[in-house]
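Visitor: model this:
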Amino acid sequence: MGEQTDKIAGRAKQAVGAVTGDEETKREGERQEDKGKLEGKVDSTIDTAQGALGDLKDKAEDALEDVKDKVDRK
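Guide: Sure thing, here's the model as predicted:
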């Protein structure tokens, strides 16, 4: 399931567990909601890392161009 789906389904299971007194269903809902939250954090971390790698690649390409320009001037 997706991040939002897990979070919503988890909350629903927690509510059902609370209303029915079923602790196992409530705990299952907590785990599912936590899974959704974790998926969101992982996705955010991946996006941040990809952005940083893109910036690093751009800087490396710029540095390489600077070196090529200096070599060509000699």
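Visitor: ok, so what distance separates the closest residue to residue 39 other than its chain neighbours from residue 20?
Guide: Of all residues beyond its chain neighbours, the one nearest residue 39 is residue 3 (4.3 Å), with distances taken as Cβ to Cβ, 6 or more residues apart in numbering. For the C-beta atoms, the positions are set from N, CA and C on the backbone; glycine is no exception. Plainly put, residue 3 is 26 Å away from residue 20 if you go by Cβ to Cβ, to the nearest Å.
Visitor: Let me know the pLDDT of residue 74.
Guide: Residue 74 is assigned a pLDDT of 71 by the prediction.
Visitor: Also residue 1?
Guide: Predicted confidence (pLDDT) at residue 1: the value is 73.
Visitor: Now do the SS call for the residue nearest to it when sequence neighbours are not counted.
Guide: Closest residue in space to residue 1, ignoring its immediate chain neighbours: residue 9 at 6.7 Å, by Cβ to Cβ, 6+ apart. Secondary structure, DSSP: H, G, I helix; E, B strand; the rest coil: residue 9 is helix.
Visitor: quick one on the thing from earlier: show the contacting residues for the residue nearest to residue 39.
Guide: Contact partners of residue 3, counting by Cβ atoms under 8 Å, 6 or more residues apart in numbering, are 36, 37, 39, 40, 43.
Visitor: can you pull the contacts of the fourth one?
Guide: Taking Cβ under 8 Å, 6+ apart, we find residue 40 in contact with 3, 7.
Visitor: The third one too?
Guide: For residue 39, the contacting residues are 2, 3, 6, by Cβ under 8 Å, 6+ apart.
Visitor: And the residue nearest the centre of the chain?
Guide: Relative to the mean C-alpha position of the chain, the nearest C-alpha, by Cα atoms, centre = their mean, is the one of residue 43, at 1.6 Å.
Visitor: And it, what's its pLDDT?
Guide: Confidence at residue 43, expressed as pLDDT, is 96.
Visitor: Let me know the helix or strand that it is in.
Guide: Taking DSSP states H and E as the definition, residue 43 sits inside helix 23-73.
Visitor: Which residue comes closest to residue 13 once chain neighbours are left out?
Guide: In space, residue 13 comes closest to residue 29 once its chain neighbours are excluded; the distance is 2.9 Å by Cβ to Cβ, 6+ apart.
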